[in-house]
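1. Below are the sequence and a predicted model for it; my questions follow.
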Amino acid sequence: MVKAAAPAATSADLYAKPGPNEEYIPSWVVFDKQVLKFDGFFKEAVHDSTLETYRVRRINVLFYLEDDSVSVMEPRTKNSGMQQGTLIRRHRVQKEDSAQYFTVKDFAVGSDITMYGRTFHIVDCDQFTRNFYERLGIAQGAQEEAPVDQHAEWLERQQPIVQRATATPNSVFGVKSLTSGGLSSPGRVKRDPLLQFLQNDRKVLRYFCMWEDGLDKRKFTLHYFLADDTIEILERVPPNSGRDPFPTFMKRQVLPKGFCGIKELKIGTAVVIHNRSFFIYDVDAFTKQFYEEHYAMSDEDFAPIDVDDKAKALPRRPIADYNGFGSEEDSLSACLSLDPKPPKRDLAKRAQLEGVVMRFSGKFSDKTQDQTRTFGITFFLGDDTVMVTEQQSRNSGFPGGKFFERARAKNPVKVAKARACASPPAGGPRRAAAAAAAAATCTTVEQQLRVQEEAFYHASDFYLGAQVSINSFIFTLLDAADYTICYMEAHPREWPQSDVSTVLDKLASVVEATKVDIAQLMAPAAKDGTVSLEDFSSIMNKADFDLTLQEMRTLQRSLDVNDDGRVHFPFLQKFLYKDTTADA
């Protein structure tokens, strides 16, 4: 009979068990994001080297309390030449001499642990780890010193020599360079390329230059590598310039003959390289700092020079008039792009306002036209379209029915701005100046499309008393359906004339300026403190309070508190004369 293997021990066996009346909380909840950190090292043999026989590599061992997982990482060292970082990824590590896994009790300062054939010696741990072991009753040893790496010790002995040789700029840059044009006078000491490289590796001075190639101005970036006194020139090719995108104008090479020293490379000077004159107009931040440290220059010496030509205003493409084929938006997209696309629809607006319709009744605004004809103007909020129908009247001579097919209609007031945006300025000086001012707001295709879109009628353009021009006929909106009135009152931002508080504030300012007594005006037609809607409108119009038809309707609806068709003007008087009412 085969015996079952004993269950693997975990760190939870060392923790205190909850009492009979205490709630059990799993360890992965209690110790979530809690990690024990140990510092250690291991020795790696080095063969075929006269400087060292082994190398000491420092490591950090992390033990995660929530699941007893372990990870080993080696801090990265600059220019070490070794692959450092994660040596053992995080997981539960099994001991080599048994089937058990590493737990909390297996880690202690001064002990050795073996993982995957490599032995790590622990020399220290952080304060959190020590406090954790104290609560468990396990003492941790004192901190130990890790042995010194022989190669690292040799590098430290060499470092003072490099620092003494490179303590001042003259010790490195004041040497005889390839062109005798270093930072200081040439010939003082013998040039040492190694010291120059160690001190200035990856240090590059950057100059922004310009070369006038005939009538064209071409911009370049000149890089001066301090490590070996070489330069390269890269061209900055602007988009849509017509040139091939090959930025390397001159590859990195030693200084050409006749090249001046970097002390003479300043903003405002010209550098001749291969018979081409490059004008320096700016430098980067590192170059400024370099010159300030070595040549005591100030910010005034690095004022950039503007070499860009003033941008010329591009001629705008005129938009052709609508020819009647298809929709106007579709024809507009063909005028603004070589690859016309269908006009974008506001699907979110259509889904939200589909079926929402505003209905008005109106007549011709021109009194010379037949005033007996009555029209129904319908505005569809889902797609901002308008439809006009004529009510049939007997013996009028007009058949009635559909007067204007459902379509989008343009506002003549906004059409003038759209035409100024679509066409170049023309005419006299004043007209050209006005057209240019209107066109300044529509320089891009998107702005032109937005201006053309604003030329159409929108929902906020329809209210009682408004005049709308549809198919060259001007209509005055005289009445509206109850649903339309309620919808406008529910959206006072779009229709401020339907906001009761706004209308009352306007009326109060007029009454205060004119010193008119509302009660005295209403007295002849008043009955029990009320007047009919017709008398209220007539009295308010005669008093010349400068209220629009929509504002008048808003007042009537708000003061008809009993829905009996009569206005209770004491409520209006109470609002307009608050101080008098309070005194009474």
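-> Done, it's in.
2. residues contacting residue 221?
-> 206, 207, 208, 209, 233, 234, 235, 236 (CB atoms under 8 Å, 6 or more residues apart in numbering). Placement of C-beta: from N, CA and C, glycine included.
3. So for stretch 376-385, first residue to last residue, what's the gap.
-> 14 Å (CA to CA, to the nearest Å).
4. ugh, typo on my part, it should be stretch 90-100
-> Using CA to CA, the end-to-end distance of stretch 90-100 comes out at 17 Å.
5. got the contact list for it?
-> Under the criterion CB under 8 Å, 6+ apart, residues 5, 8-9, 62, 64, 67-71, 101-102, 106, 114-117 lie in contact with stretch 90-100.
6. Narrow the residues you listed to those that are buried.
-> 64, 68, 69, 70, 71, 101, 102, 115 (16 or more other CB atoms under 10 Å).
7. Grab the nearest non-local neighbour of the fifth one.
-> Pointing back at residue 71 there. Among residues not flanking residue 71 along the chain, residue 90 sits closest, at 3.9 Å (CB to CB, 6 or more residues apart in numbering).
8. The helix or strand where that neighbour lies pairs with which strands?
-> Using DSSP states H and E, residue 90 sits within strand 85-91. Sheet pairing of strand 85-91 (DSSP bridges) gives strand 69-74 (antiparallel).
9. On the strand side of things, show who residue 401 bridges to.
-> Residue 401 forms beta bridges with residue 390, as assigned by DSSP bridges.
10. contacting residues around it?
-> Residues in contact with residue 401 (CB under 8 Å, 6+ apart) are 389, 390, 392.
11. where does the closest residue to residue 231 other than its chain neighbours fall, phi/psi-wise?
-> Excluding the flanking residues, the one nearest residue 231 by CB to CB, 6+ apart is residue 224, at 5.3 Å. Dihedral angles phi and psi of residue 224 (degrees, to the nearest 10) take the values phi -110, psi 110.
12. Hmm, residue 224 is touching residue 209, no?
-> No. Using CB atoms under 8 Å as the test, residue 224 is too far from residue 209 to be in contact (11.6 Å).
13. The two: which has the busier surroundings?
-> When neighbours are counted by other CB atoms under 10 Å, residue 224 and residue 209 differ, and residue 209 comes out ahead with 24 against 19.
14. Isn't that one up against residue 271?
-> Yes. Assessed by CB under 8 Å, residue 209 is found in contact with residue 271 at 7.2 Å.
15. so what sits against both of those two?
-> 222, 278, 280.
16. sorry, back to before: looking at the contacts of stretch 90-100, which are in strands?
-> Counted as lying in strands by DSSP state E, out of the contacts of stretch 90-100, are 62, 64, 69, 70, 71, 114, 115.
17. if we take those residues, which one ends up nearest to residue 553?
-> Of all the ones in strands among the contacts of stretch 90-100, residue 64 has the smallest distance to residue 553: 73.4 Å, by CB to CB.
18. Name the nearest residue to that closest one, sequence neighbours excluded.
-> residue 35 (5.5 Å).
19. right, and that neighbour touches residue 60 too?
-> No. Here residue 35 lies out of contact with residue 60, judged by CB under 8 Å, at a distance of 10.5 Å.
20. follow-up on the earlier one: any idea which of the shared contacts of residue 209 and residue 271 is the one closest to residue 214?
-> Out of those, the member with the shortest distance to residue 214 (by CB to CB) is residue 278, at 15.3 Å.
21. Give the partner strands of the helix or strand where that closest one lies in its sheet and their orientations.
-> Counting by DSSP H and E, the element that carries residue 278 is strand 276-283. Taking DSSP bridges as the criterion, strand 276-283 forms sheet pairs with strand 204-213 (antiparallel), strand 270-273 (antiparallel).
22. What are the buried residues along the longest one?
-> Burial within strand 204-213, assessed by neighbour count using 16+ other CB under 10 Å, is assigned to 204, 205, 207, 208, 209, 210, 211.
23. Okay, now the unreliable bits of the stretch 251-400 of the chain?
-> By pLDDT under 70, the weakly predicted segments of the stretch 251-400 of the chain are 258, 314, 316-317.
24. hey, where'd the helices end up in it?
-> For the stretch 251-400 of the chain, the helices defined by DSSP state H, counting those that start in this stretch occupy 285-295, 328-336, 347-353.
25. Looking at those, which one is packed in the most?
-> helix 328-336 (a mean of 17; mean count of other CB atoms under 10 Å).
26. CA atoms only for it, dumped as CSV, please.
-> Extracted C-alpha coordinates of helix 328-336, given in CSV (Å, rounded to 0.1, in the frame of the first residue of the first chain):
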residue,chain,number,x,y,z
GLU,A,328,-26.5,71.2,-50.9
GLU,A,329,-24.2,69.5,-48.3
ASP,A,330,-23.2,66.8,-50.8
SER,A,331,-22.3,69.5,-53.4
LEU,A,332,-20.4,71.4,-50.8
SER,A,333,-18.1,68.5,-50.0
ALA,A,334,-17.3,68.1,-53.7
CYS,A,335,-16.0,71.7,-53.7
LEU,A,336,-13.8,71.3,-50.7
